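>>> no sequence on this one, just coordinates:
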Ligand code: NAD
Ligand code: UDP
């Protein structure tokens, strides 16, 4: 059965998760308008998504803090809802530049919500994060687990969640779904789009793949004395295309509702923890590369283990991650080896 054509505004749609989600939206028969200020992405990503879906992307370069620019977009299109990826995401940078993070992530979201309200668009899927669970006391983490934050980035996500909760209480027409992502990794199986960090990567998977491709010398593993299977940190890695499907599932769910759902947080994870050493071993096997590493001190602010209960997503959205750690490594390696310099093809 063909989906009803619904038009979605995708803020931050030129970025890593947004670009993969645009493909999934297209495949699920949604129309989309991408709105991005390209502060952490490139037109090349948009071009490649266009090529992959075989049609031009309706792309607007703009900032979510610019209410007038957003108003023009909402006036020109009738949106069913918004998927809101736009935001800054580097934890270390957020500690150094907290005002930039609060302005972009919190003020930007408030501006977007105001313009949505003006245009009576009340469906929002928001990119939240497992970081809102702080250092979890109980695993797996459910949506009811206590929330806290340890850095301005995490606090900006938590603050937006609180704003969404208050907004939902103020007016029952809103449906506001924060999707709490665990650790997104991997790339599109075509190898044409993937994660393209600007600088030396902070995150584990892009770091490993840049060592494997010879751009970086050695991986530093932050700590081998955690109370985990092998002493290294454990995370719930999720393939970015599974994550993208989670957004489609959330939208499909929203299209079935007759009234506002309020505030409905949902974890997007696999429910399975993988250690740093396990991921490294899987990546070496898939790529056939020797990946030098050394153990160093724990990284400040890191937690030992974090993995999701993915039950709510399955029960409500009928969504479940399907791709394995091997798939995640394979697709990352494919993207990295075809595009050693990411989108910077010059
Ligand atoms: P990304 O940086 O690749 O994508 C974010 C996009 O938003 C970029 O294209 C950037 O140019 C755009 N953007 C930033 N500020 C903007 C603004 N003010 N106006 C318009 N566009 C703006 O990041 P990503 O990994 O795709 O993450 C997407 C969202 O998911 C972010 O909100 C991030 O915090 C959240 N998230 C990411 C992860 C992860 O590990 N990648 C985990 C949990 C949550
Ligand atoms: N990690 C590491 N070396 C790196 C980057 C990350 O050992 O260069 C570890 C980190 O300590 C954590 C895991 O890999 O245990 C995942 O880190 P990442 O930054 O990717 O995700 P997050 O900590 O935000 O969940």
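Alright, I've got the coordinates. Keep in mind it's a predicted model, so treat the numbers as computed, not measured. Ligands and ions are numbered 1, 2, ... in the order given.

>>> quick one: the helices in the stretch 1-150 of the chain?
Using DSSP state H, counting those that start in this stretch, the helices found in the stretch 1-150 of the chain span residues 16-27, 43-53, 67-76, 91-96, 98-101, 108-118.

>>> ok, which of those helices comes nearest ligand 2?
The closest of the helices of the stretch 1-150 of the chain to ligand 2 is helix 91-96. By Cβ to the nearest ligand atom, the value is 6.7 Å. (Glycine included, C-beta is placed from N, CA and C.)

>>> near ligand 2, which residues of the chain?
Counting by Cβ under 6 Å from any ligand atom, the chain comes close to ligand 2 at 183, 202-204, 207, 219-222, 233, 235, 276, 299, 302.

>>> make a ChimeraX selection of the buried ones in these.
A single ChimeraX command suffices to select whichever of the residues of the chain next to ligand 2 are buried according to 16 or more other Cβ atoms under 10 Å:
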select :183,203,204,207,219,221,222,233,235,276
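
>>> and the residues of the chain next to ligand 2, which of them are in helices?
Under the assignment DSSP state H, the residues of the chain next to ligand 2 contribute 204, 207, 276 to helices.

>>> shouldn't the first one be in contact with residue 277?
Same thing as residue 204. No: taking contacts as Cβ atoms under 8 Å, residue 204 lies outside contact range of residue 277: 10.9 Å.

>>> tell me where the stretch 1-150 of the chain is predicted with low confidence.
1-5 (pLDDT under 70).

>>> dump the residue contacts of the residue nearest to residue 40 when sequence neighbours are not counted.
Once flanking residues are discounted, residue 40 sits nearest to residue 15: 6.2 Å by Cβ to Cβ, 6 or more residues apart in numbering. Going by Cβ atoms under 8 Å, 6 or more residues apart in numbering, residue 15 touches 36, 40, 41, 45, 85, 86.

>>> at 10 Å what do you get?
The contact partners of residue 15, by Cβ atoms under 10 Å, 6 or more residues apart in numbering, come to 21, 34, 36, 38-42, 45, 85-87, 89, 127, 195-196.

>>> quick check: phi and psi at it.
Note on residue 15: its backbone torsions stand at phi -80, psi -170 [degrees, to the nearest 10].

>>> for residue 225, see how far away it is.
Look at residue 15 and residue 225: by Cβ to Cβ, to the nearest Å, they are 35 Å apart.

>>> all good on my end, thank you.
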